[in-house]
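K.L.:
Sequence below, structure please.
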Amino acid sequence: MEEMKAHERFIAAAKGQPFDRLPLLEWAGWWDLTRKRWAKERPETEKMEIWELHRYWGLDMNLQHWFSVLTPATPQPKSFGAPIASNMEEYLAIRGTLYPEPYLPPEFIKLANKMHSEGNGIVWFTLEGFFWVPRSIFGIENHLFSFYDEPELYHTICRDLLAWQRKVVEYCADKRVFDFMTFAEDMSYNLGPMLSQEHFDAFMAPYYREIVPALKQAGILTAVDSDGDITAAVDWFRSVGVEGMLPLERQAGVDVSRYIEKHPDMFFVGHYDKMVMDQGTAALEKEFARLFPSCVNGRLIPSVDHQTPPAVSADEYRVYMELYRKFAVEVARARKYI
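P.N.:
Reported below is the predicted structural model:
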């Protein structure tokens, strides 16, 4: 098989089609403390942009744009997790500061096109979802009560969000630079989702059933980004047409092999346990061996299951990348693609 371009490789792996090797991704970037450590150990990395650091380590570069509903004019919460609106009157008073016109900087579009033409990059964007945005408005605690206390306002927010997302998707489709997207949700913790399936079906599913087809029509793969134990949430999101999920955190006890068995048509990104990355070569190899059957049997694109922690030295990350590159080819060979 001829060498593929990075974005072609990602799409092929996500769709269960032949690839020359698995994508090599650090989809979430690196902690600031990780980068500061590496800058001391390898000073040449200190001033690198994120995609330059991808290239430095031999990863497929990835370029993300985050579309936020908030603007500089949006009132700030009085403290972390506090509300910026608690009832319909307060929401209507700030609505004019939300949902900005979609915009991509020209330099982003130029770099995205360059990555595609050179074949070394994957381009994606993030939309804040129907759990994330109400939480940003209601505040963390009030949000969990809002399903009961402010159901009308919850649906009003979601209808406004859906209308804005449609504009963003139309704008992105016109730019023709994106390969996939994620919905930011973070609606699970280590014991499962923070809402019931009943509430998901009533308050979130109707809006996902509207926006996911619009994304698919634009030719953009859809995925949900949620931390924690997503075992139940995988089923819920698949029921509304979402095609993938990430990052599948091992500390939350998730097991991608179960998801692949139930939903073989979904793709998954992540699941490599970041907590083993400073424990030596044998631990790194063991973790890759754990993922191997799922990569062969399903549409798993392995990557660090969130962000590489600062305990990992530059030399340890180099070893990880050496094993990662070999693993990516071994999976393609096991699937008889090469």
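K.L.:
in the stretch 201-338 of the chain, which spans are helices?
P.N.:
Assigned by DSSP state H, counting those that start in this stretch, the stretch 201-338 of the chain shows helices spanning 205-217, 231-239, 256-262, 281-297, 314-334.
K.L.:
same question but for the stretch 51-200 of the chain, I mixed them up
P.N.:
Under the criterion DSSP H, counting those that start in this stretch, the stretch 51-200 of the chain contains helices at 88-94, 106-118, 132-138, 140-149, 151-175, 197-203.
K.L.:
Out of the ones you listed, which is closest to residue 246?
P.N.:
With CB to CB as the measure, helix 132-138 is the member of those nearest residue 246 (14.9 Å). C-beta coordinates here come from the backbone N, C-alpha and C atoms, glycine included.
K.L.:
ok, residues contacting that closest one?
P.N.:
Contacts to helix 132-138, defined as CB atoms under 8 Å, 6 or more residues apart in numbering, come from residues 69-70, 83-86, 91, 128, 143, 146, 150, 154, 157-158, 161, 183-187.
K.L.:
now with 7 Å?
P.N.:
Residues outside helix 132-138 that contact it (CB atoms under 7 Å, 6 or more residues apart in numbering) are 69-70, 83-86, 91, 143, 146, 154, 157, 161, 184-186.
K.L.:
tell me the centre residue of this protein?
P.N.:
Per CA atoms, centre = their mean, the C-alpha nearest to the average position across the chain is that of residue 225, at 4.3 Å.
K.L.:
mind checking how far that one is from residue 166?
P.N.:
Per CB to CB, to the nearest Å, residue 225 is found 20 Å from residue 166.
K.L.:
same question, residue 118
P.N.:
From residue 118 to residue 166 the distance is 32 Å (CB to CB).
K.L.:
More neighbours: those two, which one.
P.N.:
For residue 118 versus residue 166, neighbours defined as other CB atoms under 10 Å are more numerous around residue 166 (14 against 11).
K.L.:
That one reaches residue 214, doesn't it?
P.N.:
Yes. Using CB atoms under 7 Å, residue 166 is in contact with residue 214, at 6.1 Å.
K.L.:
dump the residue contacts of residue 63.
P.N.:
With contact taken as CB under 7 Å, 6+ apart, residue 63 is in contact with 51, 111-112, 115, 121, 123.
K.L.:
In TSV: those, plus pLDDT and distance to residue 200.
P.N.:
Listed next are the contacts of residue 63 as TSV, based on pLDDT from 0 to 100; distance: CB to CB, whole Å:
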residue	pLDDT	distance to residue 200
51	92	35
111	97	37
112	97	33
115	97	35
121	96	34
123	98	30
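K.L.:
Output these as TSV; include the columns distance to residue 307 and neighbour count.
P.N.:
Converted to TSV, the contacts of residue 63 look like this (distance: CB to CB, whole Å; neighbours: other CB atoms under 10 Å):
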residue	distance to residue 307	neighbour count
51	16	19
111	22	18
112	23	23
115	21	23
121	19	24
123	20	25
